[in-house]
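**Q** predicted structure and sequence below. I'll ask about it afterward.
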Amino acid sequence: MTFLRDILVGCWETLLMMAPYLLLGFLVSGVLSVVLPVRWVKKHLSKPGKASVLKSALFGVPLPLCSCGVIPVAAWMRRHGASKGAVGAFLLSTPQTGVDGFLVAMALLGLGMALYNMAAAFVSGMIVGLVLNLFRDSPVIEEEVSDPETPRPAWPLRVIRHGFVTIAGDIAVPLAFGILASGVISGLVDPDQFSAYGSGLWAKLAVIAIATPLYVCDIASLPVAASMLAAGLSPGTVVVFLMAGPATNAATYLTLGKILGKKEMFTYLGCAIVLSLVMGFLLDRIAPVLPPIEAACLHGESVPLWKSLSALLLIGVLIHGKYRRSKS
């Protein structure tokens, strides 16, 4: 019973962390469907070249979306013609940082870590995008065709319908499995125990082994990263956690397998793991010449009511979206 309770608690805590950001992702994808025409996405992101990957990474780094909030936007990009490389670059670079994540990282870990984490997100996204562009690509583009005699719904309704019904319904099942897998691990593993492994290769591998399937959004990972840094782990080991946690989790790569393919999913995962190790060892070498990297003092906080309400709302949105999509 204790084991089952820990799994249920882990799933609920995962929902609490991801729900606000995933709902934000649905909203952003709905807004993009109204603001950005399909021809813009096809023009800038559909060609399997360096330019589309660069634009996708630049577009993703500053967005305040976590590893699950980015999924609906990536699905929208793919549905409207974005190349595999552009989607992969966006998926890897976006959840690692953002305007909000940069500011929090600067407060908790210092300016040096905040700057390096943002640079690592961009570079790793670019590399993964270029690798995924090597795969054969034939995206199914959904043209937005409207009957001139039939008036289009008001834009708020189109935002809600696309983001909270179409996209939510498309990713509901793989996302549910990802939540379950992440909940099992997060309910049974304490990330603070990473400090027992030291700061060398084994520490980085241990961080990857646990953080890769674990749902840890960039904001939620920063207090854990600060505690790891305060416990004596090297900055490079901490940045491995900051990259492997937000950028690779069960929810992300299960959904990635659906929208891009299984080979692309495993390639994405392998590249993300290798790149996190490379970026970690590089930071350990150059940390002395960067601005200060130091952990701030942390204090535990209770879960606010709005996060619980967001989790319940997310469950309702996914069920409703899946039901509506199955009827269409």
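**A** Received the coordinates, thanks.

**Q** separation between the closest residue to V159 other than its chain neighbours and G321?
**A** Spatial nearest neighbour of V159, excluding adjacent residues (Cβ to Cβ, 6 or more residues apart in numbering): G30 at 3.7 Å. (Glycine included, C-beta is placed from N, CA and C.) Per Cβ to Cβ, to the nearest Å, G30 is found 12 Å from G321.

**Q** which neighbours do those two share?
**A** Common contact partners of G30 and G321 (Cβ atoms under 8 Å, 6 or more residues apart in numbering): 164, 167.

**Q** off-centre distance for stretch 158-178?
**A** Relative to its chain's centre, stretch 158-178 lies at 15 Å (Cα atoms, centre = their mean, to the nearest Å).

**Q** for the closest residue to K84 other than its chain neighbours, give its distance to L233.
**A** Leaving aside its chain neighbours, K84 sits nearest to L132 (4.5 Å; criterion: Cβ to Cβ, 6+ apart). For L132, the distance to L233 equals 31 Å [Cβ to Cβ].

**Q** and those two? Which one has more around it.
**A** L132 (28 against 24; other Cβ atoms under 10 Å).

**Q** contacting residues around the residue nearest to V159?
**A** Counting by Cβ under 8 Å, 6+ apart, the residues that G30 touches are 158-164, 167.

**Q** hmm, try it at 6 Å
**A** Residues near G30 by Cβ atoms under 6 Å, 6 or more residues apart in numbering: 159, 162-163.

**Q** L157 and V165: what is the separation?
**A** Per Cβ to Cβ, L157 is found 10 Å from V165.

**Q** out of these two, which sits in the more crowded spot?
**A** With neighbours defined as other Cβ under 10 Å, L157 and V165 compare such that V165 has more, 20 against 12.

**Q** rewinding a little: distance of the residue nearest to V159 from I319?
**A** According to Cβ to Cβ, G30 and I319 sit 18 Å apart.

**Q** again, but for C11
**A** Note on C11: its distance to I319, by Cβ to Cβ, is 15 Å.

**Q** out of these two, which sits in the busier spot?
**A** Neighbours per residue (other Cβ under 10 Å) separate C11 from I319, with C11 holding more: 20 against 14.
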